[in-house]
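Undergrad: 3D model of this:
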Amino acid sequence: MTARARRADARDNQALLLAAAKEVFAEDGPDAPLDHVARRAGVGNATMYRHFPNRRELVVAVYADEVAELRSRADLDADDAGEALFAWLGLFVEHVRTKRALALSLADPAGDHESLFAGWHAAMNTTAATLLGRARAAGAVAPDVTELDLLLLATGIALSGGEPSRLLTLVRRGASAR
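TA: Here you go, the predicted structure:
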């Protein structure tokens, strides 16, 4: 096998492990046995540990991928900028609601969690600000509404246990430019 083929195989294995870890963590939480991740990916434990030497590195990779996926789902070219903003906020609510345990498992007072979270928060703020700027320019959102306002309200909705689409509709009405 050539070096190029091995690298492609390694990339494939890493992608399989990441996809499997997303599924296993979604089903069983971030403390799920890593053997289950390797088994679901169809690779051996040694292969998994070559790519992700410990649980934390795997969880960081999964959460980073989830954040990147959420960012990529922002429709920055939508004809209805207000709809695009609130559709993405709905996705953000679902992300916070379903990925919270994953994120909290990374909290480590002695670790690098602050810099990781700062980067992820900056990514969410940038995405929200871009969508909000478009919605504001289209007259769909009042000029005094900030991305932080919307992200905090969306986070509150995610953690409230209430019905997210109903609560987001109320936020949208309150944020509208009228």
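Undergrad: And the helix or strand where E83 lies, how far out from the chain middle?
TA: For E83, the host element (DSSP states H and E) is helix 81-104. Counting by C-alpha atoms, centre = their mean, to the nearest Å, helix 81-104 is centred 8 Å from the centre of its parent chain.
Undergrad: quick one: buried residues of that helix?
TA: Under the neighbour-count criterion of 16 or more other C-beta atoms under 10 Å, helix 81-104 has 81-82, 84-93, 95-97, 99, 102-103 buried. (Each C-beta comes from the backbone N, C-alpha and C, glycine too.)
Undergrad: which residue ranges form the helices in this protein?
TA: 3-28, 34-41, 45-51, 55-72, 81-104, 113-137, 147-160, 164-175 (DSSP state H).
Undergrad: What residues sit buried inside the fourth one?
TA: This points to helix 55-72. Applying 16+ other C-beta under 10 Å to helix 55-72 flags R55, R56, L58, V59, V60, A61, V62, Y63, E66, V67, L70, R71 as buried.
Undergrad: which residues does A19 contact?
TA: A41 (C-beta atoms under 8 Å, 6 or more residues apart in numbering).
Undergrad: can you tell me which residue is nearest the centre of this protein?
TA: V67 (3.0 Å; C-alpha atoms, centre = their mean).
Undergrad: ok, it to V96 distance?
TA: With the distance defined as C-beta to C-beta, to the nearest Å, V67 ends up 11 Å from V96.
Undergrad: Would you convert the helices of the chain into CSV that also reports mean pLDDT?
TA: As requested, the helices of the chain are exported to CSV (pLDDT from 0 to 100):
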stretch, mean pLDDT
helix 3-28, 86
helix 34-41, 96
helix 45-51, 94
helix 55-72, 95
helix 81-104, 95
helix 113-137, 93
helix 147-160, 96
helix 164-175, 91
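Undergrad: Is there a neighbour count for E163? I'd like the number.
TA: 10 (other C-beta atoms under 10 Å).
Undergrad: who's in contact with it?
TA: E163 neighbours (C-beta under 8 Å, 6+ apart): none.
Undergrad: Next, find the distance separating it from T169.
TA: In terms of C-beta to C-beta, E163 sits 10 Å off from T169.
Undergrad: what do you get for Y49?
TA: 46 Å.
Undergrad: Same check on V43?
TA: V43 is 44 Å from T169, by C-beta to C-beta.
Undergrad: the more surrounded of these two?
TA: Set V43 next to T169 and count neighbours by other C-beta under 10 Å: V43 wins out with 19 against 13.
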